[in-house]
Structure formats: C-alpha cells, structure tokens
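K.L.:
any chance you could fold what I've pasted below:
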Amino acid sequence: RALNLGKLKQAYVDLNHLQPRILLSTEEGVVASVCVKTGNLMWRQVLEQKPRGDIKLLQVSGFFDENRETAAAPIGSNLGFDTLTVQGHAPALVRGWNSNLGAIEWEWSTMPLNSEQAQNALWFYSRSVLYHVVPVWRSHLEVTAYFASSGHSTGSSSKVIASWINPETCLLSGTYYVCLDFPGNQLISLDLLSKSGQVIRTPLQRLPQGKLEALPGLSGVVLSNGNLISVNKDIPVCGSLQSASYAIGSFNYRKILVYADLKTNILKINAVYLDNCSPVVELAQSVPLPDHFGTPSLSSFDCVQKKIGDGKGCLFLFSTTAESIIAVQNGRVRWSREESLANIVDSQFVDLPLADSEGTLENEINGKAGDIASAFLRRIITQAAQIRSLFLHVIGLGPPPSATQRAGLVRDSFGLHKMLVLLTQTGKIFGIDNISGKHHWQLYLPNVRGFDNKEQMRLIVQRSAKHFPLQPLCTILGKDSDTDNGVLFRFNPITGQASEGGLILLDYKVKQFSLLKETERDFVKGILLLDASNRVHVYPQHASPLADGMYLYTAGMKTAELSGYFVKYAGGKLSSKHIWNARLGGHNSEQQIVGVAGKNPIEHVHSQGRVLVDRSVLYKYINPNLVAFVTQAPDATHKSLLNLYLVDVVSGSVIFTMTHRKVRAPLHIVHSENWLAYSYFNEKVRRTEITTIELYEGKVQANSSVFSSLQAPPMPLVERQSYIIPSLVEVLRETITERGITNKHVLIGTASGSIVEMPWHLLDPRRPIASTTQGREEGAVPYIPELPLPTDSYINYNQTIARLRNIFTAPSGLESTCLVVATGLDLFVTRVAPSKTFDLLKEDFDYILISIVLVALTSGSLIVKHLASRKLLKQAWK
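P.N.:
The predicted model follows:
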C-alpha cells in the first residue's frame, strides 16, 4: 500500500522547530506532516468529503511576523493553537490541531444564514482572530470576526458596500480584498481591518494575461504577469523582479523574497532582501529538473536561523503541474512525492519480457519451417549458441545484461510479476513493479486531458509482451486541452519510451473508440476511432481492413440517446452508416444516464450452462454485445426513479428493462458473463441495496457455436433478486482469470476503505426462499436479505484505502489467481484466488516427507527387482 496526499494546496516548512517538519493541506481534504529529510509521512488526517472537507485555510502559529504572538499554547492549556484549519462552508468547521501528533485538540463550527453565498466565503487570520468574508457579487462584502480558539463572536460584524466585486477577477490577499478593474486598467482594493473602509485604487502598467495571485506572507501584495504589485502602502515590493512564483521567509534574521523559474529543464532559485532588494547570493542555485515533474511553483521555504548562514540549511518546497511535491536543498532534489497517484483514472497489468534463453526457445517454437530436418538443424544451432553463451558468461566475456534484466523486469514462471502501468488525471503515466512497488519510469503529457461527459483518458494495450522479439505497445487516448481534438500517445510500457510515432495530434474530436483484432503483420490491435462528424479512422492504418463489419455505439449522458453505427471498408476507405437510434430519456426527456457497463473484452466464459437437479442444463444467455444502461430522473410521486436497460448495441434491441422507485445514486454496476450486479441507495428505508440479475436462454441453446445479434435470438429468461449490504458501496468489480475456469467473485469497495471479496453464490438471484432438496443439490444457499461481511473476506486486511474510487482486475499466468489494484487517495496492490490456489502447492507442503517417500519407494522397487531376478535365476537352475 502506498499512502498519498493529493495536490498540494498550502504548505509551511518549519526547520527551526524542535522537530523539523513540513505541514501541508491538499485539494483532497488532507492535513499532514511530512518528514523534512525523506518526505515520508509523519502523520496524516483525511477529512470529510467535499464540500464539507474542502480546506479553506491552514494557519500555523509562529509563521510571519504578524502572527508571532499566536505561538502554541502551554501544555495542558486549551487556549491558543498550534495548527488551525477551516473547512467547508455550511457549516464551516474550525479545528485546532496538535502538529506533533496530528490529533484534534478542539473544534467549533458556524452556520451561515445563506448557504449559497457562503460557497464563495473566504477566511483570514490576524492577531488571534478569524475573519469570515462572504462576498455578495456586485453588491457588498459581509465580514464577521471570531475568536480563533473559542469560536465566540468578537461582536465585530460589518457590511462593506462594494458593487465592483465579481467572481472572475477578485481575490483575498492577507487582510486586503483586491479586484481587477479591466476598463480602468487598475486594481481596486479594500483593507477589511481598516475602520475607514476607504477604497484603494492602484494603476497597472499593463493588464494581466491570467488571473491575479496572492502572495502568502505579504498582506496586500498580488502577482500579475510575473510582477509583484502592492496595494498596501506600508509594504514596499521589488517591482523590477519578474518570475513565475514567489515565497516569503527569513534568512540570517532578515526577511527575504525567494523566486524561482524553470528554463530549459534547469530550475533557477534566487532571493532578494525585502528591505533593500539586494540579492542574497548565498541562496542562488540551479537544479536540473526532469521533464516528468512538469512546471514547478514555489510553495514555501525555510532556513535554519543563524547569525551568519551559508544557505546550505535552507529547504525549498515546490508543487508542480504534474501534482508532484519536490524538496530542493543544496542545489539538488532531496526528495519528491508523486501525488498525482491520488487521482488514477486507468490501469493495466502488462506482461514482462522473456529472458534471453526463453526468447531463443520462443523463436524456435515459432519457426516457420515445418520439415523435421530443418527443425532438427535449428535445435542444434540453438543449443550450440546456448553452450557458447554459457561458456562466455562463466569466463566473464559474455554480453552484458539488458537494462530490463538489470532492473529485474523478467517474466516469472507463473505470470505473477508484471509491470503495472498507471494513468493519472493530470496526464502523468507511471510504470510500477507490482511486487516491489518500485517506480521504474515516469512520463508526463502536459496538454492531454480527459473527455467531456466526465469520460477520462484511456490506457490501451495494443500489443502485449507475448510476441517475442517485438516490444509491447501501449497507447494513451485523450484530448488536447487547447484544441479539444483527439491525442494518441504510443509508448513502450516496459521502458517508458515513446515508440511507433510517439505523440500523435489528431485533427478531429474523438466521439467513440473500439479495439480491433490483432494484425498478422506486427500483432498490433488497431484502434478504431469515430469522430464528431461520424467519420471513422484506424491507427495504425494498415489495420483498416480489420474494421470491416464492426459495430459502434454512442450514448449521450444528458440526453439519454443511443445511436448505433456500422463500419464498412471498401475501395481502401472506411465509412460509417447510422443504423439505429434509441431514446431512453422518456417522453419529457428528463432521464439522464448515470451508469454504463459493458463486458470485459478479455473475458473468457468456461461454463456454458448450469446443471439442474434433473440433470438437464440451463444454458446461459451469453451475449457479448449486451451493454447495461442505467438512467435516473426525478419523479413527483416517488422522488427519484432508477431505470435499468439491457441493450444489444449491435441491433439496438432492448433485451430487458426494470424500474426502481424511491432510489437514487450513488450507483455502481458490474457486468460479466450472463449476470449483472448493481448497488444503489434506497431512500424509502435509507439503506444501500444490491440487485443481481441472471439471464438464461433456457434448456435449449439457439446456437452452440457462434452468437449473433442479427439472427434475433429468443428473449432470455431473467432471474432477479435484491440484497441488503450493511455498508456504503464505493465500487464494484468482478474477478477475472486467464480461462474463466475459476469461480467468479465480486469485489465490493466500501466507504470505510475496505475491499470485501463476495462469492457469487451469495449474490445468486436463484437462491431459494426456503431450504429445499432441489436447492441443496444445485448448491444454492437459502435466501437471506442481509449480506454478511465477515472480516476474513477483507482482502486488504487492516490496510485501509482512503477515498476508494476504483478497482482494476487482471488475469495472471495462473488460472486460480487474479491480480487486483485498488485506487483512491491511496494505492493498494494484491492478488486473490477465488477458488483457492488449486494449481499451486500449498505453502506448508512437506517437501522433506515426500522426498523421503519417493526415495524409499525407488529404493524398494530396485531391491524388489533384484530379488525377483535372483528368484527367477534359481528357478531356472532347478
């Protein structure tokens, strides 16, 4: 398990504390303390989900001169604070923390009169008082003061008329509320602590290209176009400086301003004294920074206070566009944290390459010559080469191992050791060893993002490592953040290097995609793309003939409208034809699609039916083109309706529908073989329920060889049942194995951060109401509404996964074993064996005993053979 924090929001580096530490808050609602030397977590507190857990303010006592009087309270006192956070808006929750232990010492809350206006509320701290600022756009500001430690009102509440405030161009800088006036080319600001309430106007040399940014530590100072502008006449700034990021601190007991810029992969850090703007030469340094970190921004820094310091005791903390946290000291990167792993959107397990000897054997097996003489000659040549390689290796003259072999990236016998490729929301890609957790490589795509309708980027395996000596190939499908056109990035998942075209910028918007069969030339699975004009494209282009006869479908999430297309390849060109349309939105088009679930394309179905008591077979309805759609709509009578549709996306026919009343999202759905399971919240009885569905053809199979959606197969028999689960469900996922022989289990991720492995026989909709002979012979468990959650079914034991969002599964080389990776704020990797490890010897297998038995049996057989031969010889002489 890897513990993450999320994207950095606020940070304080404190090197002069008795226990040097870094205190920070993140966009994921996390407050944590990080070790200065290693970057490891000292403690972490995961707050509530947004919006209640959205951290508005992190205040650490003792930072900046104006807060010196708010040092931590004496031991045993409830007054004062060490670290303070403000989170949420309705209500706003204020908490005081012990920064050494991460424990809450006190808390209080306040409920605003208008919840909608409070969403934009801001907080700032000054002289033991917390100020709550609620802007009412284009009208006024409401400012309320509270004692920070107790939450009691100071009696100071004011309404400041400010008709010029708007959400696009205003911010809070210390005690100043600053807005940009475009027509007047000026900054308009108010000092919220000033009794006069005078409006301050500051002219600008030129309009800012982006948004204004505040500079923590200097009240009334904003950043515009890389320049510092002060609206506070008491705080002068060095206006000649030009930089992307700044931070305030002290060095040799003097206040300094540090700024940093990235130029040609070199991070340059400089500093000036605030009183005279003279440079601090001791802190000037240049640090090489790899591309995968993205663009850094200086968040905080601190120096060990000495009378005459040399700058070596300063630590600079950076956050980057790739959501990394970097600590720089003495001209080098001391440590880094990859916090983009807190937002993983896709994952793939990729087979590792073969060793050289195994690769040679693979080439021999895949040889094209079919006669015996050629095969024998090839075997002799191969063995001679292996003997020569062994001799050179023994005398030390053999070829050096490859980079992947030195890193230990060689396929094992059981296929359990794989490369885990992770794609994050920011466009960063990781190659991680699934056993050791080592990060072997990292890539960053700065301008690639997810699609509309909350569709994330996709990670596609176009060629696995099974085709030696060809290298595996993966592709990222996303969209360009500037043009919204599609983007393809092709790379080697073992080395992390771009391959076969690398970054490909498409000149159209991607509407849908599908994966084709492998080509015979290079074993690459082509990617079929449907653009916004309903034209089709294939990458690589030589796989275009394989797209002939393909079917695609699109689904509008807001309109609940489905469309089907037929792809044809003729005359060297691809074309698509619209063949069907379905509207699931109802007569008022109020319904919206909240869930879509198709079957796993690599899934294998081993058993075609289910044996009944009379020894007949109830055949499964296995339709590979069946997709489940769930829509939700408000209802005047039942509050909310949830509709399930099973649609054949080739013919457009609706196979089955079902309606749930007085239920609502969150909805999670899993679809496999002939069954479906989905969870929802029942508002009537206020609990989470899981409904399961199984489809059967009957006792006669329409087509035992090939399933065709165009031959209008008979409508399936439907079995359905609902169960109560005593926990909130965050994600559902089925286990998958190489051949589909192993029993299917459903992995249920709960809100408490645990993953429950639920056998399908407990979710089986054919569970009888009462215990009968028929049910016992079929192995069906009698129906009980409540699903048990025994602790021995938790596959992550006590390794809680904070903010669990998704579970990915993949088959291993063993039929009994399924690889699992769970993602959320944390990352957890394990493997499960739903039918136990029937293809492996147990860990407590007694090798010594079986060896003794084998030796005894072999010796006994030889002795008996000798005695029998002597007996026969004696009988022959008689």
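K.L.:
host element of Y696?
P.N.:
strand 687-698 (DSSP states H and E).
K.L.:
again but with N643, I slipped
P.N.:
strand 639-648.
K.L.:
same thing with L477?
P.N.:
If you go by DSSP H and E, L477 is part of strand 473-480.
K.L.:
could you say what helices and strands that strand packs with?
P.N.:
Packed against strand 473-480 by the contact rule (3 or more Cβ pairs under 8 Å, 6 or more residues apart in numbering; DSSP states H and E) you find strand 448-449, strand 458-463, strand 486-491, strand 498-505, strand 510-518. Heads up, the C-betas are built off the backbone N, CA and C, glycines and all.
K.L.:
reformat those as TSV; add mean neighbour count, mean pLDDT and distance to I269.
P.N.:
TSV is the format used below for those (neighbours: other Cβ atoms under 10 Å; pLDDT from 0 to 100; distance: least, Cβ to Cβ, whole Å):
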stretch	mean neighbour count	mean pLDDT	distance to I269
strand 448-449	21	92	29
strand 458-463	20	93	36
strand 486-491	22	94	32
strand 498-505	14	89	31
strand 510-518	17	91	41
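K.L.:
the strand holding N643 - which strands sit beside it in the sheet, and in what orientation?
P.N.:
Paired with strand 639-648 in the same sheet, following DSSP bridges, are strand 626-635 (antiparallel), strand 654-661 (antiparallel).
K.L.:
so which of the ones you listed is the most packed in?
P.N.:
Among these, ranked by average contacts under mean count of other Cβ atoms under 10 Å, first place goes to strand 626-635 (a mean of 19).
K.L.:
so which residues of the stretch 501-650 of the chain form strands?
P.N.:
If DSSP state E, counting those that start in this stretch is used as the criterion, the strands of the stretch 501-650 of the chain fall at 510-518, 525-531, 536-539, 551-556, 561-570, 573-583, 592-597, 609-611, 617-620, 626-635, 639-648.
K.L.:
by mean pLDDT, show me the worst of these.
P.N.:
Note on these: lowest mean pLDDT is at strand 609-611, with a mean of 86.
K.L.:
that strand packs against which elements?
P.N.:
Looks like strand 609-611 contacts strand 617-620 (3+ Cβ pairs under 8 Å, 6+ apart).
K.L.:
that older thread, what's the closest of the strands paired with strand 639-648 to R95?
P.N.:
With Cβ to Cβ as the criterion, R95 lies closest to strand 626-635 of those, at 35.4 Å.
K.L.:
could I have the CA atoms of that closest one written out in PDB?
P.N.:
Presented in PDB, the C-alpha positions along strand 626-635 are these (Å, rounded to 0.1, in the frame of the first residue of the first chain):
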ATOM      1  CA  LEU A 626     -25.000  -6.600 -24.300                       C
ATOM      2  CA  VAL A 627     -24.500  -3.300 -22.500                       C
ATOM      3  CA  ALA A 628     -26.300  -2.200 -19.400                       C
ATOM      4  CA  PHE A 629     -27.500   1.500 -19.200                       C
ATOM      5  CA  VAL A 630     -29.000   3.000 -16.000                       C
ATOM      6  CA  THR A 631     -30.900   6.200 -16.100                       C
ATOM      7  CA  GLN A 632     -32.200   8.400 -13.300                       C
ATOM      8  CA  ALA A 633     -35.000  11.000 -13.300                       C
ATOM      9  CA  PRO A 634     -36.900  13.000 -10.700                       C
ATOM     10  CA  ASP A 635     -40.500  11.900 -10.000                       C
END
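K.L.:
make JSON lines from the helices and strands packed on strand 473-480 and add distance to F182 to it.
P.N.:
Shown next, in JSON lines, are the helices and strands packed on strand 473-480 (distance: least, Cβ to Cβ, whole Å):
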{"stretch": "strand 448-449", "distance to F182": "28"}
{"stretch": "strand 458-463", "distance to F182": "40"}
{"stretch": "strand 486-491", "distance to F182": "34"}
{"stretch": "strand 498-505", "distance to F182": "34"}
{"stretch": "strand 510-518", "distance to F182": "36"}
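K.L.:
these: which one's closest to T750?
P.N.:
That would be strand 458-463 among the helices and strands packed on strand 473-480, by Cβ to Cβ, at 25.9 Å.
K.L.:
name the helices or strands packed onto the closest one?
P.N.:
strand 344-351, strand 473-480, strand 510-518, strand 525-531.
K.L.:
take those and write them to a markdown table, including distance to H866.
P.N.:
As requested, the helices and strands packed on strand 458-463 are exported to a markdown table (distance: least, Cβ to Cβ, whole Å):
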| stretch | distance to H866 |
| --- | --- |
| strand 344-351 | 51 |
| strand 473-480 | 62 |
| strand 510-518 | 58 |
| strand 525-531 | 62 |
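K.L.:
looking at those, which is closest to V231?
P.N.:
Closest among the helices and strands packed on strand 458-463, using Cβ to Cβ: strand 473-480, at 37.7 Å.
K.L.:
any residues touching the closest one, and which ones?
P.N.:
Residues from elsewhere that reach strand 473-480, judged by Cβ atoms under 8 Å, 6 or more residues apart in numbering: 348, 350, 421, 423, 427, 429, 445, 447-451, 457-463, 485-493, 499-500, 505, 509-510, 513, 524, 527, 539.
K.L.:
that strand pairs with which strands?
P.N.:
Going by DSSP bridges, the partners of strand 473-480 are strand 448-449 (antiparallel), strand 458-463 (antiparallel), strand 486-491 (antiparallel).
K.L.:
can I get the ones you listed in TSV with distance to Y246?
P.N.:
Listed next are these as TSV, based on distance: least, Cβ to Cβ, whole Å:
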stretch	distance to Y246
strand 448-449	28
strand 458-463	37
strand 486-491	33
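K.L.:
can you check which helix is longest in the protein?
P.N.:
Longest helix in the chain by number of residues (criterion: DSSP state H): helix 847-877.
K.L.:
just how off-centre is it within its chain?
P.N.:
On the basis of Cα atoms, centre = their mean, to the nearest Å, helix 847-877 sits 63 Å off its chain's mean C-alpha point.
K.L.:
tabulate the strands of the stretch 501-650 of the chain (a markdown table), appending distance to T202.
P.N.:
As requested, those are exported to a markdown table (distance: least, Cβ to Cβ, whole Å):
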| stretch | distance to T202 |
| --- | --- |
| strand 510-518 | 46 |
| strand 525-531 | 49 |
| strand 536-539 | 53 |
| strand 551-556 | 48 |
| strand 561-570 | 52 |
| strand 573-583 | 56 |
| strand 592-597 | 47 |
| strand 609-611 | 77 |
| strand 617-620 | 73 |
| strand 626-635 | 49 |
| strand 639-648 | 51 |
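K.L.:
can you report how many residues lie near V86?
P.N.:
Residues near V86, counting by other Cβ atoms under 10 Å, number 24.
K.L.:
that one belongs to a strand?
P.N.:
Yes: according to DSSP: H, G, I helix; E, B strand; the rest coil, the state of V86 is that of a strand.
K.L.:
of the strands paired with strand 639-648, which is nearest H417?
P.N.:
Once those are compared by Cβ to Cβ, strand 626-635 is nearest, at 34.1 Å.
K.L.:
quick check: phi and psi at N252.
P.N.:
Note on N252: backbone dihedrals following degrees, to the nearest 10 are phi 50, psi 40.
K.L.:
got a pLDDT number for it?
P.N.:
Looking at N252, the pLDDT reads 83.
K.L.:
any idea how far it is from L488?
P.N.:
Taking Cβ to Cβ, to the nearest Å as the criterion, N252 is separated from L488 by 53 Å.
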